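Trainee: After the sequence you'll find the predicted model.
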Amino acid sequence: MSLTLNLVAEQENVLKNFLTKYFEKDMMVDNITYEWSYTLENPLTATEIISAVMDNNLNNLITTWVSFDPNIFIKVKENNYNDVIKYILERYS
């Protein structure tokens, strides 16, 4: 089972800076990348990325979308991210 995670930013360098810091290596993303989509073979990793965006108060700079099923995306917001994380843990643990 896999899960797709999309990160979207409206400003230059936001995604590059976040991904480089999160993964602690250069992610080879250019400065003008506004969308990053990744299919995670280990869906539990998504909980860590979602938490990093929310815990670092980046939800105003980065919009996070998660897809459990093809072409159906759920927007992760401050008021639902704990529920999304719980659902991921319940579904994939």
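Mentor: The structure has been received and is ready for your questions.
Trainee: Following the least confident helix or strand in the chain by mean pLDDT in sequence, what is the next regular element?
Mentor: Here the helix or strand of the chain ranked lowest by mean pLDDT, DSSP states H and E is helix 14-23, holding a mean of 90. Helices and strands here follow DSSP states H and E; after helix 14-23, the next one along the chain is strand 35-40.
Trainee: Give me the pLDDT for residue 36.
Mentor: Per-residue pLDDT puts residue 36 at 92.
Trainee: and the least confident helix or strand of the chain, what other elements does it pack with?
Mentor: strand 3-9, strand 35-40, helix 44-55, strand 62-69 (3 or more CB pairs under 8 Å, 6 or more residues apart in numbering; DSSP states H and E). In this view, the C-beta of every residue, glycine as well, is placed from N, C-alpha and C.
Trainee: what does that helix rub up against?
Mentor: The contact list for helix 14-23 (CB atoms under 8 Å, 6 or more residues apart in numbering) reads 7, 9, 26-27, 29-31, 33-36, 49, 52-53, 58, 61-62.
Trainee: now swap in stretch 47-59 and tell me
Mentor: 5, 7, 14, 18, 22, 62, 64, 66, 76-78, 81, 84-85, 88-89.
Trainee: Of these, just the buried ones, ChimeraX syntax please.
Mentor: In ChimeraX, a selection of the buried entries from those looks like this (16 or more other CB atoms under 10 Å):
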select :5,7,14,18,62,64,66,76,81,84,85,88
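Trainee: Which pair of the contacts of stretch 47-59 spans the longest distance?
Mentor: Farthest-apart pair in the contacts of stretch 47-59 is 14 and 89; separation 27.3 Å (CB to CB).
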